[in-house]
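Chemist: no sequence on hand, only this structure:
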């Protein structure tokens, strides 16, 4: 089994107010595509109730940086009490969703994801030696790169949600973060 | 003969509300047929008239021989709970939609040596394994597993678009 090291754990972003979920999802997915990640959507649940929608999705995109190291970033999002509202932004009417959004971010560095170095105890021993003394600087470099990328996607989502922060809905209510 | 899963875990979509069950089934069936898969409904299980509605389980598989050595296998499973067909009005016209919960899972597999040429004896088996593990490994990942992975993500996006889910953007373009 591959070795996994969690380098970025349980970082949260919460938002309550207006946002365009279709666009937000597209932004997240495009960000990962641009940064060379392959997408894996572990969960995508949507429930429609009379008083709103509840949406849960979990994305675990991964990137094989070398034949030994793999990046995995997990984005887990829960959207509750979503209702559709129509507002005018810049003279253009748009349909947005109003509700609560909670995001959780984790990032894991996976080594030996092809399981080449664990069939026998001697392989495991050599791998541990090489990881400790030879590959240490590479692993640390990849860890910091992964943390940087996890922070970037978190900031990207925050920046997107901030775009709708100060728009008024019909009736004069303001959205709050 | 070796089998390689495209995803570590199946792609899952879960939706609760009103949806066009017949249309959804046809969408997936047509998608597979257009891509020249041989489509087969492996299981259709219907538990009608339970107190909350019907429970339906359907398994659909598609197989396609890509080359003389590689074969694609796709499995789409549906599980519906508390499902009931109800009359609805859509754009001023009377229609019927299924109301309930649906769970869809999509799995893909790439099968090598589907003709069993390397099964004849021990030497052939060893050659087949060497071919799979060493020589054709990257070739298989790039030319066969990756395209099927992207195609199945597109199918997932089409299903989400059909169900009018908010997260319908395709992850592969």
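Modeler: Perfect, thanks for sending it. Everything quoted here is computed from the prediction, not taken from an experiment.
Chemist: which SS class is the closest residue to residue A:22 other than its chain neighbours?
Modeler: Residue nearest to residue A:22 in three dimensions, not counting chain neighbours: residue B:166, with 5.8 Å by CB to CB, 6 or more residues apart in numbering or on different chains. Using the backbone N, CA and C atoms, a C-beta is placed for each residue, glycine as well. When classified by DSSP: H, G, I helix; E, B strand; the rest coil, residue B:166 comes out as coil.
Chemist: now do the phi/psi pair for residue B:166.
Modeler: Dihedral pair for residue B:166: phi -70, psi -30, per degrees, to the nearest 10.
Chemist: ok, it touching residue A:54?
Modeler: No: contact between residue B:166 and residue A:54 fails when scored by CB atoms under 8 Å: they sit 10.8 Å apart.
Chemist: who touches both of these two?
Modeler: Taking CB atoms under 8 Å, 6 or more residues apart in numbering or on different chains as the contact rule, residue B:166 and residue A:54 both touch A:46, A:79, A:82.
Chemist: I'd like to know how far the residue nearest to residue A:22 sits from residue B:159.
Modeler: Per CB to CB, to the nearest Å, residue B:166 is found 14 Å from residue B:159.
Chemist: give me the more crowded residue out of these two.
Modeler: Using other CB atoms under 10 Å in any protein chain shown as the criterion, residue B:166 and residue B:159 rank with residue B:159 on top: 23 against 19.
Chemist: the more buried one belongs to a strand, doesn't it?
Modeler: No: counting by three-state DSSP, one finds residue B:159 to be helix, located in no strand.
Chemist: pLDDT-wise, which helix or strand of chain A ranks last?
Modeler: helix A:121-133 (a mean of 85; mean pLDDT, DSSP states H and E).
Chemist: pull out the buried residues from that one.
Modeler: Buried residues in helix A:121-133, counted by 16 or more other CB atoms under 10 Å in any protein chain shown: A:127, A:131.
Chemist: go on, stretch A:131-141?
Modeler: Neighbour-count burial for stretch A:131-141 [16+ other CB under 10 Å]: A:131, A:135, A:139.
Chemist: same check on stretch B:20-40?
Modeler: Quick answer for stretch B:20-40 (16+ other CB under 10 Å): B:20-21, B:24, B:27-29, B:31-32, B:37, B:39.
Chemist: what sits closest to the spatially most central residue of chain B if chain neighbours are left out?
Modeler: Nearest to the mean C-alpha position of chain B, by CA atoms, centre = their mean, lies residue B:76 at 3.1 Å. Nearest residue to residue B:76, sequence neighbours excluded (CB to CB, 6+ apart): residue B:60, at 4.8 Å.
Chemist: just checking: what are the partner strands of whichever strand or helix holds the one you found?
Modeler: Counting by DSSP states H and E, the element that carries residue B:60 is strand B:53-65. When pairing is defined by DSSP bridges, strand B:53-65 lines up against strand B:38-50 (antiparallel), strand B:70-90 (antiparallel).
Chemist: picking that back up, looking at the buried residues of stretch B:20-40, which are in strands?
Modeler: Those of the buried residues of stretch B:20-40 mapping onto strands are residue B:39, per DSSP state E.
Chemist: redo the buried residues of stretch B:20-40 as a markdown table? Include pLDDT.
Modeler: Formatted as a markdown table, the buried residues of stretch B:20-40 follow (pLDDT from 0 to 100):
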| residue | pLDDT |
| --- | --- |
| B:20 | 94 |
| B:21 | 95 |
| B:24 | 96 |
| B:27 | 95 |
| B:28 | 96 |
| B:29 | 95 |
| B:31 | 95 |
| B:32 | 95 |
| B:37 | 95 |
| B:39 | 95 |
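Chemist: can you name the two of the buried residues of stretch B:20-40 that are farthest apart?
Modeler: B:20 and B:37 (22.3 Å; CB to CB).
Chemist: identify the residues contacting residue B:169.
Modeler: Going by CB under 8 Å, 6+ apart, residue B:169 touches A:22, A:25-26, A:29, B:157.
Chemist: just send the residues you listed back as CSV, with secondary structure too.
Modeler: Formatted as CSV, the contacts of residue B:169 follow (three-state DSSP):
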residue, secondary structure
A:22, helix
A:25, helix
A:26, helix
A:29, helix
B:157, helix
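Chemist: how about low-confidence regions in chain B?
Modeler: Within chain B, the segments meeting pLDDT under 70 span B:171-173.
Chemist: interface residues of it facing chain A?
Modeler: Contact residues (CB under 8 Å from any CB of the partner chain) of chain B with chain A: B:7-9, B:11-18, B:101, B:149, B:153, B:156, B:160, B:163, B:165-173.
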